[in-house]
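Novice: only geometry, no sequence info:
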């Protein structure tokens, strides 16, 4: 005991109240370590809210996990009944009691058998309890429900005095006791046990809101220690009680800068990092029929292909339906299911309350240990809870996934026209998720096309474009952006645009050819003209040459004549 | 105490040490028995401090407790037995005139 205490105080650097861990999932977190050590704790609540189970689990976990034997003193159910009840929760009390880890003592108070005549005290009870404690060196004691004494015995004055003495005696014994009490009118317990047991009081509650029941736990008081003060939902399932702290702790989870592919080539390219960060949360929102599930299946398929384990929660389709539908677009999920990499878990959202859903998720995640989780769609859970509940559940879910570094892909159905409930999911989730992708219908000219765009991607640059995508038997294909005069073109507009382009290209070519031909013709004309001019020029030149020849001939003749004259003159002389 | 076997009335008194209440209860029951069941009864005294494991058998809570083991059905009377009327009615020794 002492060493534990000093361990704790070393860790926290200041004195820590000595506590006994309950071993109940989540309860130790909100009580900062468990029930007060060596003191009695009161658990109260109305009928059927799980008091006995909580107490029993405290004892069993103590015996198994913390090596602290315990005594269960039951004033209501017999030992056999109790053993049977918790056996269905997987606890073998019979064996524990054989191993002297647990003693179950049924104290039967039969009013019809008992007559009171004079002064008495409850030493008999003390001795029994003391004997039981000593026989196995018990550290934990449960008294369930001690108020039954009040119905068996008349003299409440004696009873009250004796109870007070009992709790003191338990404290002196140094055992950590849990006392259960039925909730009374206006008081925590019918007989006001809270007056005697005042170190730690825990209130259990079972409420039905909109036909869905939720169990809640609240620490009313805890002397000498800080504790969570909220109402925490808790669950009873085949493994006993688990309490779910609304927001787990702090935001100090480790992050990874590893990238996981979206599974869709074009979508990867829209992220500058070529995918999602590992361990991040991705929300795919969109109206009905915008291929959210298909995108999710692509993601799951991609992860499985890379030998990562994927847990797929389908709230709309059965596993077989999902597999069949995805096969039609060329994704074979079945082989991944067979190889054990993919687990598809289908359930109706209205099957359970939200909390049970969360717990199922939590348990499956713990068992299967996936590296990616798909929840399709998260908005369906809305139908089972009110705003706050859904919100708090989603927060916890996302927390849970983040802490475990699981990449989570959530789909969410939104309504485009009327801003209603479903928008709320996005409102509440969008600030929590790291990446938000929206798929939407783009309606126009008598058709509907699908577009995808990224609203946000924390820590990663991303495309701002709305990309059109088509789904055919080969799967999803993101088309290149087609810009028209009025923005991005989709569907048949894209096609007609492509046609227009073709036509205009053809026209252009035609025109070019025509122009070419014209030029050729012009060139011919030009050349002909040149030829004609050249001919003209040549003929003029010829003329000129001819004249020149004539002239030179004449000159020659003139010259010869002149010379002849002189000779003649000379001869005459 | 007297006639261990085949006593018509088998009584058992559970006490926890020699407390004033225990002593008072013992003397009271002896007196009533002698007065009403002389020769037909036996009283066994069990001190729970010495034999704590015996408390479970008869579902003893309060001390002192007087248990009528025989005749059946088992009846229990708790307290120091100072109220003679109640004890006798409780043990069914006295016809139930006060009880109805």
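Specialist: Right, received. Where do you want to start? Because the structure is a prediction, the values reported are computed rather than measured.
Novice: contacts for the longest helix along chain B?
Specialist: Identified as the longest helix of chain B according to DSSP state H is helix B:20-37. Here helix B:20-37 makes contact (CB atoms under 8 Å, 6 or more residues apart in numbering or on different chains) with A:118-121, B:8-9, B:11, B:13, B:15-16, B:41, B:43, B:45, B:63-64, B:66, B:79-82, B:84, B:87-88, B:93-94. For glycine as for every other residue, the C-beta is placed from the backbone atoms N, C-alpha and C.
Novice: measure stretch A:222-232 end to end?
Specialist: End-to-end distance for stretch A:222-232: 16 Å, by CA to CA, to the nearest Å.
Novice: what do you get for stretch A:328-343?
Specialist: Stretch A:328-343: ends 20 Å apart by CA to CA.
Novice: mean confidence score for that stretch?
Specialist: Taken as a whole, stretch A:328-343 carries a mean pLDDT of 89.
Novice: could you pull out the strands in chain B for me?
Specialist: B:9-15, B:41-47, B:65-70, B:75-78 (DSSP state E).
Novice: angle of the third one against helix B:20-37?
Specialist: Using axes from the mean of the first three to the mean of the last three CA atoms, to 10 degrees, the inter-axis angle of strand B:65-70 relative to helix B:20-37 is 30 degrees.
Novice: adding mean neighbour count, distance to residue A:564 and mean pLDDT, write the strands of chain B out as CSV.
Specialist: Output for the strands of chain B, formatted as CSV (neighbours: other CB atoms under 10 Å in any protein chain shown; distance: least, CB to CB, whole Å; pLDDT from 0 to 100):
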stretch, mean neighbour count, distance to residue A:564, mean pLDDT
strand B:9-15, 22, 193, 89
strand B:41-47, 18, 194, 89
strand B:65-70, 22, 192, 86
strand B:75-78, 25, 192, 87
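Novice: could you dump the ones you listed into a markdown table with distance to chain A added?
Specialist: Below are the strands of chain B laid out as a markdown table (distance: least, CB to the nearest CB, whole Å):
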| stretch | distance to chain A |
| --- | --- |
| strand B:9-15 | 6 |
| strand B:41-47 | 10 |
| strand B:65-70 | 6 |
| strand B:75-78 | 5 |
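Novice: gap between the residue nearest the centre of chain B and residue B:35?
Specialist: Centroid-nearest residue in chain B, with CA atoms, centre = their mean: residue B:66, separated by 2.9 Å. Note on residue B:66: its distance to residue B:35, by CB to CB, to the nearest Å, is 15 Å.
Novice: kindly report the same for residue A:64.
Specialist: Distance from residue A:64 to residue B:35, by CB to CB: 57 Å.
Novice: quick one, which of those two is more surrounded?
Specialist: A side-by-side neighbour count of residue A:64 and residue B:35, using other CB atoms under 10 Å in any protein chain shown, places residue A:64 first with 15 against 11.
Novice: name the surrounding residues that touch the helix or strand harbouring that one.
Specialist: Residue A:64 is part of helix A:51-65 when elements are defined by DSSP states H and E. With contact meaning CB under 8 Å, 6+ apart, helix A:51-65 is reached by A:20-24, A:35, A:43-45, A:68-72, A:76-77, A:82, A:85-86, A:89, A:91, A:93, A:96, A:101-102, A:139-140, A:142, A:144-145, A:178, A:180-181, A:204, A:236, A:240-241.
Novice: again, only this time at 6 Å
Specialist: Identification of contacts with helix A:51-65 by CB atoms under 6 Å, 6 or more residues apart in numbering or on different chains yields A:22-24, A:43, A:45, A:68-70, A:72, A:86, A:91, A:96, A:101-102, A:140, A:142, A:144, A:178, A:180, A:240-241.
Novice: so which of the residues you listed are in strands?
Specialist: Taking DSSP E, the ones among the contacts of helix A:51-65 that sit in strands are A:43, A:45, A:70, A:72, A:102, A:140, A:142, A:144, A:178, A:180, A:240, A:241.
Novice: from these, list just the buried residues.
Specialist: A:43, A:45, A:70, A:72, A:102, A:140, A:142, A:144, A:178, A:180, A:240, A:241 (16 or more other CB atoms under 10 Å in any protein chain shown).
Novice: which of these sit farthest apart?
Specialist: Using CB to CB, the two most remote members of those are A:45 and A:102, lying 23.0 Å apart.
Novice: what residues does chain A have near chain B?
Specialist: A:108, A:113-125, A:127-128, A:131 (CB under 6 Å from any CB of the partner chain).
Novice: give me the buried subset of those.
Specialist: Among those, those classed as buried by 16+ other CB under 10 Å are A:113-125, A:127-128, A:131.
Novice: quick one, what contacts residue A:331?
Specialist: Residue A:331 neighbours (CB under 6 Å, 6+ apart): A:297, A:301.
Novice: same question for the one 5 residues further on.
Specialist: When the contact criterion is CB under 6 Å, 6+ apart, the partners of residue A:336 are A:304, A:342.
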